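Visitor: turn this into a model:
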Amino acid sequence: MADKSGSMRGRDARAPEADRPDNVRNVVLVGHTGAGKTTLVEALLTATGTIARPGRVEDGSTVTDSDEIEHRLGRSVSLGLAPLEFGGIKVNLLDAPGYADFVGDLRAGLRAADAALFVVSAADGVDGATQLLWEECAAVEMPRAVVVTKLDSPRADFDEMVAICQRVFGDGVQPLYLPLLDDAEQVGGLIGLLSQRIYDYSEGGRAENDADPEHLELIEGPRNALIEGIIAESEDESLMDRYLGGEQIDVKVLIDDLETAVARGHFYPVLPVSPTGHDASAQADGTARVGTIELLELITKGFPAPGEHSIPAVTTPNGAPKEPLACDPAGPLVAEVVKTTSDPYVGRISLVRVFSGTLRPEQPVHVSGHGRAERGHPDHDVDEKVGALSCPLGKTQRPVQQAVAGDIVAVAKLSHAETGDTLSAKDDPALMEPWVMPDPLLPIAVLAKAKSDEDKLSQALGRLVAEDPTLRLEINPETHQLVLWCMGEAHRDVVLDRLSTRYGVAVETVPHRVSLRETFTAPAGGHGRHVKQSGGHGQYAICDIQVEPLPNGSGFEFVDKVVGGAVPRQFIPSVEKGVRTQLERGVFAGYPIVDLRVTLFDGKAHSVDSSDMAFQTAGALALKDAAGKVQGALLEPVDAVEIRVADEFLGAVMGDLSGRRGRVLGTEPDAAGRTLVRAEVPETELARYPVELRSLSHGTGVFTREYLRHEPMPAQLAAKIVAEAAES
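Guide: Have a look, this model is predicted:
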């Protein structure tokens, strides 16, 4: 038995291997934090004998939470893979984090999977983020099923939970089983609505019995609703007429139609599962939990094999279209890196979904990336050799000899491959269309605590960005800050923790500076005099300028109106260079100056002591002198913001925008029950908006932002910033 590292605790270290796509099922578990996804994975692994006994999230001993930070937090922060075998089918369970900050790993799980299990708590209901995810899966017709957990909670109500799911998720949601309570009023088994049989787990295994009349009466209503739902999705158009005519439809026919409808994403069964036992001995043993066998049967018989799921479009690395792929082990190799991690002992490990062909150890491949330079991901298009292939179970890497089309495998030592990259044959390179990733919107400015850590910080950030496509790295050219753009505070905390614990880099966060601008509010004259005589060659330069503000967005103009050679022609560019240098440094609060016309009209020079540098200095001094005669203004960046929010929270969001000096441009209906709000909001008011919008909207609100323009900041705020700059 292993420790709490998440390594395998099973009786058999042999990794399940698939020889063809029909023998693979890729399933992602999604749902809000605390719904019981990781615990459900443990129960399924135990039920199939993959591990001897289930781990506990509280102990940090679960298979898919193998990261040390997950042990400390007691929740998943990254995508975990747990392969098992049931009925001759290899099932790749992908445990996606439920917290909204880790949507990158959630999207990776959706990309790698062919079906989704929505895990909801019988005691907690369905949150807004889960509803949004359901609609996202519906848009691509991903097959789905609902697993209701925590049935033994004092507040649990399975019937109410089914009603909520039907109301929130829409048509096609029907239970396949109902939970049965034992003498202690806890869930000890299930009753099948189609089979009309009882599945008793009270003795540790699963025993089947015929339902008695009392139970048949209990299930009559739900059973009829289920049958009508299945028949409505059947390809046999005569089936409904036969059923309404009183004919008893053969259960096998109903099951076949059910499995077809589920695989096509048209019908969504609900299963009650109790992944934890309700006493100490049940929690410690390795017996199957209530509903686990029924769930595995649904996964292997109802969910589609990879060949039944569409494959993303493929092009050449330079964008030329290629023939559509088929999920064929003998086809051209095309695989995708869905997750990248760095292990301090074995180096970089890539979790790879094979879409076409067969991947083998030591195979040369071509690595193509999408080149998201704006997020800190440099473009790359290189050849590499695949290292060892393995089937991970926690931190245990079990070697495998190949990965056929449709399978998911861990690949060691791909030094260039990053999350989202495509692996293909060297002589036939390909690039899969990228999956949609949300933009990180929470800025965190960081710096190394010690000078000696600066190089280590750069290397560590490069590795983290390669692993996490939702993390954006920026060196702001105006504020010179190193900025990490994160999905939220929890994402930020994980990134900073990994910098410290995994890479040994001590960093500190500093306030994020917004790129403000300065401008003049009125014309002014400026006199710049730089005269120094200290023996030997001196410095002599005098210039007079006129400064005029220009309309917003006009930029900078330099006008030469010198007459009579007051400033020699060779030194006029020097004055302009000095002015431009001072424009970049600012004169009021240290921000760049924009929208200004500077006219040089007079000056003086010395035949010996005048020089290029002297007139540069004089030009800068002249601009400073002009600034001292007028009041300056600060310009702040304004973003165009689009917010999508549930209608019930629209009022709170609109009121909050007003408090942020936002201008609402309009609203319009979005998807069912939601509204799209368009607004213009100063960037200084958006620093923590990702966190605060989530709180305001109970997780239903999402937004995008795009730089629009700079415009004057209110005088009171500008005066405060100028005063702070003067004090520093």
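
Visitor: the helix or strand bottoming out on mean pLDDT in the chain: what's the following helix or strand?
Guide: Ranked by mean pLDDT, DSSP states H and E, the weakest helix or strand in the chain is helix 280-284, scoring a mean of 45. Remark: after helix 280-284, the chain's next helix or strand is helix 292-302, criterion DSSP states H and E.

Visitor: just give the closest residue to the residue most central in space within the chain, not the sequence neighbours.
Guide: Nearest to the geometric centre of the chain sits residue 104, at 2.3 Å (CA atoms, centre = their mean). Once flanking residues are discounted, residue 104 sits nearest to residue 470: 3.5 Å by CB to CB, 6 or more residues apart in numbering. Yep, even glycine has a C-beta here, placed from its N, CA and C like the rest.

Visitor: returning to that earlier point: what sits against the residue nearest to the centre of the chain?
Guide: Residue 104 sits next to 419, 437, 468, 469, 470, 471, 487 when contact means CB atoms under 8 Å, 6 or more residues apart in numbering.

Visitor: list only those of the residues you listed flagged as buried.
Guide: For those, a neighbour count by 16 or more other CB atoms under 10 Å gives the buried set as 419, 437, 468, 469, 470, 471, 487.

Visitor: now, which of these sits nearest residue 628?
Guide: Closest approach to residue 628 among the buried ones among the contacts of residue 104 (CB to CB): residue 471, at 44.1 Å.

Visitor: now the host helix or strand of residue 83 - C-alpha only, CSV.
Guide: If you go by DSSP H and E, residue 83 is part of strand 80-86. Output in CSV follows, covering the C-alpha atoms of strand 80-86 (Å, rounded to 0.1, in the frame of the first residue of the first chain):
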residue,chain,number,x,y,z
GLY,A,80,-6.1,14.1,-13.5
LEU,A,81,-6.2,10.9,-15.5
ALA,A,82,-7.3,7.6,-14.0
PRO,A,83,-7.6,4.6,-16.5
LEU,A,84,-9.4,1.5,-15.5
GLU,A,85,-10.8,-1.6,-17.3
PHE,A,86,-14.4,-2.8,-17.1
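
Visitor: my read: residue 652 touches residue 698, true?
Guide: No: look at residue 652 against residue 698 with CB atoms under 8 Å: they stay out of range, at 9.7 Å.

Visitor: pLDDT weak spots in this protein?
Guide: Along the chain, the parts satisfying pLDDT under 70 run over 1-13, 183-184, 277-287, 343-346, 371-379, 535-536, 728.

Visitor: try 50
Guide: Applying pLDDT under 50 to the chain flags residues 1-12, 278-284.

Visitor: other SSEs contacting the top strand by length along the chain?
Guide: The longest strand of the chain (DSSP state E) is strand 632-646. In terms of contacts (3 or more CB pairs under 8 Å, 6 or more residues apart in numbering; DSSP states H and E), strand 632-646 is packed against strand 517-520, helix 650-659, strand 674-682, strand 702-712, helix 715-727.

Visitor: what residues sit buried inside it?
Guide: Along strand 632-646, these residues count as buried under the neighbour rule (16+ other CB under 10 Å): 632-639, 641, 643-646.

Visitor: now do stretch 414-431
Guide: For stretch 414-431, a neighbour-count test (16+ other CB under 10 Å) marks 414, 417, 418, 419, 420, 421, 422, 423, 424, 429, 430, 431 as buried.

Visitor: please name the bridge partners of the last one.
Guide: Beta-bridge pairing for residue 431 (DSSP bridges): residue 315.

Visitor: for it, list the residues it contacts.
Guide: 314, 315, 316, 317, 319, 368, 370, 422, 424.

Visitor: of those residues, which is the most crowded?
Guide: Ranked by the number of neighbours (other CB atoms under 10 Å), the contacts of residue 431 place residue 422 first, at 28 neighbours.

Visitor: spit out the contact partners of residue 103.
Guide: Residues counted as contacts of residue 103 (CB under 8 Å, 6+ apart) are 438, 470, 487.

Visitor: any idea which helix or strand comes after the host helix or strand of it?
Guide: Following DSSP H and E, the helix or strand that holds residue 103 is helix 103-112. Counting by DSSP H and E, the next helix or strand C-terminal to helix 103-112 is strand 115-121.

Visitor: quick check: angle from that next one to helix 292-302?
Guide: On the basis of axes from the mean of the first three to the mean of the last three CA atoms, to 10 degrees, strand 115-121 is oriented at 150 degrees to helix 292-302.

Visitor: does anything pack onto whichever helix or strand comes after strand 115-121? Which helices or strands?
Guide: Going down the chain from strand 115-121, the next helix or strand is helix 128-139, by DSSP H and E. The contact analysis (3+ CB pairs under 8 Å, 6+ apart) places helix 128-139 against helix 103-112, strand 115-121, helix 158-169.
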